[in-house]
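*Asks:* Just need the structure, nothing else, for what follows:
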Amino acid sequence: MKKAEMGRFSISPDEDSSSYSSNSDFNYSYPTKQAALKSHYADVDPENQNFLLESNVGKKKYETDFHPGTTSFGMSVFNLSNAIVGSGILGLSYAMANTGIALFIILLTFVSIFSLYSVHLLLKTANEGGSLLYEQLGHKAFGMVGKLTASGSITMQNIGAMSSYLFIVKYELPLVIQALMNIEDTNGLWYLNGDYLVLLVSLVLILPLSLLRNLGYLGYTSGLSLLCMMFFLIVVIFKKFQIPCPAEIAFLVNETVNGSLAQPAAFVGFNRTESDSCQPRYFIFNSQTVYAVPILTFSFVCHPAILPIYEELKGRSRRRMMNVSKISFFAMFLMYLLAALFGYLTFYEHVESELLHTYSSVMETDILLLIVRLAVLMAVTLTVPVVIFPIRSSITHLLCASKEFSWWRHSVITVSILVFTNLLVIFVPNIRDIFGFIGASAAAMLIFILPSAFYIKLVKKESMKSVQKIGAMFFLLSGIVVMTGSMALIVLDWVHNAPGGGH
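*Replies:* Residues are numbered from 1 along each chain as shown. Predicted coordinates:
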């Protein structure tokens, strides 16, 4: 589940929930979430908030106290790690299966380094630009166009996150119900249809929670989401040593007489050929390889959460925040690498675009996988309302900033967001397409293009011929290449390949 998608943050019990801006339509007792959502209320100019106090003019800008931070270094690392990890982890094995181990590690390394570099640009721009609000930096740099671009990219990323969460409900909830009810024949049963279940969960659980004016206990889904992903990783590693090679399963099925061995659903009809042999491949290029970089960029987007976490950091300084970022990115690099590697080494080229669903092909009644599914389903279901809040807040601010709160408007916007997201989940055939499109567009904007563009525009003390500005310019150009190239290749894949059968 994701994060920058909204940012899932831990709880600081000593924070006064009333400290949140009165302009919001909800209050928080979770400071980092509070700060994260402040970026969607960028109507208050930082100059009017005394971000740079006159008494501190002689100090470096990043040493200026806007709010004294209350979050410790360790908790900030946890918050940022939580903001990074998300539903994208479920697609990493699929990326590795279509790039090979060596190429995947190269791409993972570059994307993580580039993401960390963009954090450096963003922090420096915030210090020089005098704002800890992402949209406000866009406004300072490029006026209303910059503000709308930043807000639109964050909103698009959040909608992608919501869609990926609901895709997990669509994929996994039917399997959980089937296992709990011990149903073998699923034909014609509406309550095992993923499309119906997504609509039902959205209507019965997500909509009532999303209509609340404050998040309340939903802040606890922060830690729950990260714990679920860690549990998922442990199970992926454990199952590697328990599940036989798919090719060997297919061979045994074909050789078994009188059906004495149960035939796994996903591997029906496979022959034991060279292509199905259980040998890892290190470099792979095929039509699905184009999704690797977008899936990775989608998995590393946390940039809307960087400035709020920076604002809440105790003893705030740019160097201290960069140390938080380095530790968090390295931890997530290892977690992503392990999840992708062991998932790939379990199923090889038979990995589906959502890894957890792949296990149902061979272990439909496994109790450990059932527990993982239940935990992930609970986490994503409770996280969707958290993600809706900043989207609704941003839309409300852009369209009705000067108007009083209205339950009618609040409800219409909430329902509209949910309806749009449900239509995406029902009619887009594959979660891979969500990862790919959002990763190539909004994620590329948030990682590559916007931080470098803001840096070039707002950091005045460095000339355009300086190493720093030249580096930012190359970073901007590389982001444009990544975005346009990935989008073009993905669209070509959509045109030349018929939509998959669902996974």
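*Asks:* residue contacts, Ile490?
*Replies:* 290-291, 294, 433, 436-437, 440 (Cβ atoms under 8 Å, 6 or more residues apart in numbering). All C-beta atoms are positioned from the backbone trio N, CA, C, and that covers glycine.
*Asks:* pretty sure Glu352 is in a helix, no?
*Replies:* No: counting by DSSP: H, G, I helix; E, B strand; the rest coil, Glu352 is not part of a helix but coil.
*Asks:* What are the phi and psi values at it?
*Replies:* phi -90, psi 170 (degrees, to the nearest 10).
*Asks:* do the same with Lys314
*Replies:* Dihedral angles (degrees, to the nearest 10) for Lys314: phi -70, psi 140.
*Asks:* for the chain, what are the low-confidence residue spans?
*Replies:* 1-67, 185-186, 215-222, 246-277, 361-365, 401, 498-503 (pLDDT under 70).
*Asks:* sorry, back to before: for Lys469, state which of the contacts of Ile490 is nearest.
*Replies:* Ala440 (26.3 Å; Cβ to Cβ).
*Asks:* Mind telling me what element Ile237 is part of?
*Replies:* helix 221-240 (DSSP states H and E).
*Asks:* just checking, what's the longest helix in this protein?
*Replies:* Counting by DSSP state H, the longest helix found in the chain is helix 134-181.
*Asks:* tilt between that helix and helix 221-240?
*Replies:* 50 degrees (axes from the mean of the first three to the mean of the last three Cα atoms, to 10 degrees).
*Asks:* which other residues reach the helix or strand that helix 134-181 is followed by?
*Replies:* For helix 134-181, the succeeding helix or strand toward the C-terminus, using DSSP H and E, is helix 194-201. Helix 194-201 has contacts (Cβ under 8 Å, 6+ apart) with 166, 169-171, 173-174, 177, 190-191, 381, 422, 425-426.
*Asks:* Let's see the ChimeraX selection covering just the buried ones among those residues.
*Replies:* Of the contacts of helix 194-201, the buried ones can be selected in ChimeraX as follows, counting by 16 or more other Cβ atoms under 10 Å:
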select :166,169,170,171,173,174,381,422,425
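*Asks:* Closest to Val481 out of the contacts of helix 194-201?
*Replies:* Nearest to Val481, judged by Cβ to Cβ, of these is Val425 at 30.4 Å.
*Asks:* In contact with the closest one, which residues?
*Replies:* Neighbour list for Val425: 163, 166-167, 170, 195, 198 [criterion: Cβ under 8 Å, 6+ apart].
*Asks:* Mind doing that once more with 7 Å?
*Replies:* Residues near Val425 by Cβ atoms under 7 Å, 6 or more residues apart in numbering: 163, 166-167, 170, 198.
*Asks:* His303: which of the residues you listed is nearest?
*Replies:* Among the contacts of Val425, and counting by Cβ to Cβ, the member closest to His303 is Ser163, at 19.2 Å.
*Asks:* What is the burial count for Ala97?
*Replies:* 27 (other Cβ atoms under 10 Å).
*Asks:* Tell me if I'm right that it and Tyr344 touch.
*Replies:* Yes: assessed by Cβ atoms under 7 Å, Ala97 is found in contact with Tyr344 at 5.4 Å.
*Asks:* what's the overlap in contacts for those two?
*Replies:* Val351.
*Asks:* Only C-alpha atoms, please: export stretch 224-243 in CSV.
*Replies:* C-alpha atoms of stretch 224-243 as CSV (Å, rounded to 0.1, in the frame of the first residue of the first chain):
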residue,chain,number,x,y,z
LEU,A,224,-0.6,-2.0,10.1
SER,A,225,0.2,-1.6,6.4
LEU,A,226,3.9,-1.8,7.0
LEU,A,227,3.6,-4.8,9.3
CYS,A,228,1.4,-6.5,6.6
MET,A,229,4.1,-5.9,4.0
MET,A,230,6.8,-7.3,6.3
PHE,A,231,4.7,-10.3,7.0
PHE,A,232,4.1,-10.7,3.3
LEU,A,233,7.9,-10.6,2.7
ILE,A,234,8.6,-13.3,5.3
VAL,A,235,5.9,-15.6,3.8
VAL,A,236,7.3,-15.1,0.3
ILE,A,237,10.8,-16.1,1.5
PHE,A,238,9.4,-19.1,3.4
LYS,A,239,7.2,-20.3,0.5
LYS,A,240,10.2,-20.3,-1.9
PHE,A,241,11.5,-23.4,0.0
GLN,A,242,8.1,-25.1,0.2
ILE,A,243,6.6,-24.7,-3.3
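*Asks:* about what we covered before: gap between the helix holding Ile237 and the chain center?
*Replies:* With Cα atoms, centre = their mean, to the nearest Å as the basis, helix 221-240 stands 15 Å off its chain's centre.
*Asks:* Only the buried residues of it, if you could.
*Replies:* Neighbour-count burial for helix 221-240 flags 221-226, 228-229, 231-233, 235-237, 239 (criterion: 16+ other Cβ under 10 Å).
*Asks:* For the nearest residue to Val351 once chain neighbours are set aside, which residues are in contact?
*Replies:* In space, and not counting its chain neighbours, Val351 is closest to Ala97: 4.3 Å by Cβ to Cβ, 6 or more residues apart in numbering. Shown in contact with Ala97 (Cβ under 7 Å, 6+ apart): 344, 348-349, 351.
*Asks:* swap the cut-off to 8 Å and go again
*Replies:* 284, 344, 347-351.
*Asks:* Same question for Ala331.
*Replies:* Neighbouring residues of Ala331 by Cβ under 8 Å, 6+ apart: 77, 81.
*Asks:* Check which helix or strand it maps to.
*Replies:* helix 318-347.
*Asks:* so how far is the strand or helix carrying Phe435 off the chain centroid?
*Replies:* Here Phe435 sits within helix 431-440, counting by DSSP H and E. Helix 431-440 sits 11 Å away from the centroid of its parent chain (Cα atoms, centre = their mean).
*Asks:* Tell me the helix or strand right after that helix.
*Replies:* helix 442-444.
*Asks:* Determine the set of other helices and strands touching that next one.
*Replies:* Of the remaining helices and strands, those touching helix 442-444 by 3 or more Cβ pairs under 8 Å, 6 or more residues apart in numbering; DSSP states H and E are helix 134-181, helix 292-300, helix 467-496.
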